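> no sequence for this one, just the structure:
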């Protein structure tokens, strides 16, 4: 799975660029902690995959990190479908709620660190 790039719909590239420019507060806060190979692997923001865009993705270990805010409250079934489709490509998902990132960053980072270690073996 290492460094596997998942195909994506080309039109998503410009949308991903817009999302990067308009990140939510929880995305910015998490990005400040995981950028620049903070855990020995490189994450990218707003990455197109298949017909979707994920919040953060590490090609090296196939890890997606999603931050779910209020926009995800009514999209649970769509999120589950998207996750299943991407997991079929061997991708591992971590999901956190906005409030977890804003109020309990230490725990979020511990989960990320442990997952990175596990997937890096």
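Right, received. Where do you want to start? Note that the structure is a prediction, hence the values are computed from the model and not measured.
> Touching stretch 36-45 from outside, list them.
If you take CB atoms under 8 Å, 6 or more residues apart in numbering as the criterion, stretch 36-45 is touched by 20, 23, 27, 31, 34-35, 55-61, 63, 65, 112-113, 116, 120. Any C-beta I mention is one placed from the backbone N, CA and C, and that applies to glycine too.
> chain center to it: distance?
Mean-position distance between stretch 36-45 and its chain equals 12 Å (CA atoms, centre = their mean, to the nearest Å).
> Just the terminal-to-terminal distance for it.
12 Å (CA to CA, to the nearest Å).
> And stretch 68-86, by the same measure?
17 Å.
> Please state the mean pLDDT value computed over it.
Stretch 68-86 carries an average pLDDT of 79.
> Give me the below-cutoff pLDDT ranges for the protein.
Residues of the chain that meet the criterion pLDDT under 70 lie in 1-3, 70-74.
> one step back: mind checking which of the contacts of stretch 36-45 land in strands?
55, 56, 57, 58, 63, 65 (DSSP state E).
> which ones are touching the fifth one?
So that's residue 63. 41, 57, 91, 92, 93, 94, 115, 116, 119.
> The same query, at a cut-off of 7 Å, please.
92, 94, 115, 116, 119 (CB atoms under 7 Å, 6 or more residues apart in numbering).
> so which of those residues is the most crowded?
Highest neighbour count within the contacts of residue 63, by other CB atoms under 10 Å: residue 116, with 20 neighbours.
> what's the spacing between that one and residue 34?
Distance from residue 116 to residue 34, counting by CB to CB, to the nearest Å: 9 Å.
> go on, residue 48?
19 Å.
> hey, which helix is longest across the chain?
What stands out as the longest helix in the chain, according to DSSP state H, is helix 105-120.
> So for that helix, what gets flagged as buried?
Neighbour counts over helix 105-120 (16 or more other CB atoms under 10 Å) mark 105, 108, 109, 112, 115, 116, 119 as buried.
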